[in-house]
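Enquirer: How does the following fold in three dimensions:
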Amino acid sequence: MKPLDGKTAIVTGASRGIGKAIAQRLAADGARVVLAARDAAALAEVADGIGEGALVAPMDLRLPDTPAELVRLAMGRFGRVDIVVNNAGATKRGDFLTLTNEDWADGYALKLHGAVRLTRAAWPHLTAVRGSLLNIAGTGGRTPGAEFTVGGSVNAALLSFTKAMADNGLRDGVQVNAVSPGTVRTDRFAKRLATLATERGIAVEEAEPVFVREARVTRVGEPEDIAGLVAFIVSPGGRFLHGALIDMDGGSTKTL
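Expert: Residues are numbered from 1 along each chain as shown. Coordinates of the predicted model:
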């Protein structure tokens, strides 16, 4: 028997990167997974790799009514929601004075407001089965940087939201936690690495050791690293974790 047999998980941002790895790992551990993102073709490819236990939900969670629609879709197909992983949302990096009001609004629209709305819509169903809510934030929420003013503030808000919902979870029997990944090997990181290589006049394969050394981390993470931690947290063995804000970042977070 697998640890998540009979469970249903909603994973947002599931078309690539960390979200894709989380969905694949939860499915491997027995869960039926609802894959949400805007890229229908990419979601279909992920679902094909998982099999019949995957439901594709190509949706824009920035839109106010979409999170509730996603929950209705999950309930209609599987009859229950046991796990919600709020992973969707990328924010624009750059010098503060170059970031527009639209950049700020878009950064909050998906990663924070989308997560809040999905949590609200799913909460009664999570309560009914004593389920799990897991928010994927980011290390910028605790260690802000000048090039990450939007992302850092959004992640800080998501961490605060996690702590507040953990209190509600005590009342309603829902496990609530957050994971903050550090630098992980995704498409976004590949672009950052290419930029670093250009700036330093070195080959891309030479840029990663430079990045690791200057970032003072053990290595660049893999999406599967984050997925493994998520799978443990929402498994029966991880239920004692509650209200936890966990950094999985190779040591990049230096603050207490």
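Enquirer: from here on, contacts and neighbour counts on C-alpha atoms
Expert: Noted.
Enquirer: would you list every one of the helices in this structure?
Expert: For the chain, applying DSSP state H gives helices covering 17-28, 40-50, 66-78, 101-108, 115-129, 149-172, 187-200, 204-215, 223-234.
Enquirer: highest average neighbour count across those helices?
Expert: helix 17-28 (a mean of 24; mean count of other Cα atoms under 10 Å).
Enquirer: hmm, who's touching that one?
Expert: The contact list for helix 17-28 (Cα atoms under 8 Å, 6 or more residues apart in numbering) reads 4, 9, 11-14, 32-33, 35, 46, 50, 53-54, 87-88, 185-187, 223-224, 226-228, 230-231.
Enquirer: what ranges of the stretch 101-250 of the chain fall below the confidence cut-off?
Expert: Within the stretch 101-250 of the chain, no stretch has pLDDT under 70.
Enquirer: ok, now which ones touch the residue lying closest to L43 once chain neighbours are set aside?
Expert: Nearest non-adjacent residue to L43, counting by Cα to Cα, 6 or more residues apart in numbering: S15, 4.8 Å away. For S15, the contact set (Cα under 8 Å, 6+ apart) comprises L35, A36, A37, D39, A42, L43, V46.
Enquirer: so who does W123 touch?
Expert: No contacts exist for W123 under Cα under 8 Å, 6+ apart.
Enquirer: Which residue is most remote from the mean position of this protein?
Expert: What lies farthest from the middle of the chain is G201; by Cα atoms, centre = their mean that is 33.3 Å.
Enquirer: ok, that residue to N101 distance?
Expert: 34 Å (Cα to Cα, to the nearest Å).
Enquirer: again with G141
Expert: Distance from G141 to N101, counting by Cα to Cα: 20 Å.
Enquirer: Pick out the residue nearest the middle of this protein.
Expert: The chain, centroid-nearest residue using Cα atoms, centre = their mean: N87 at 2.3 Å.
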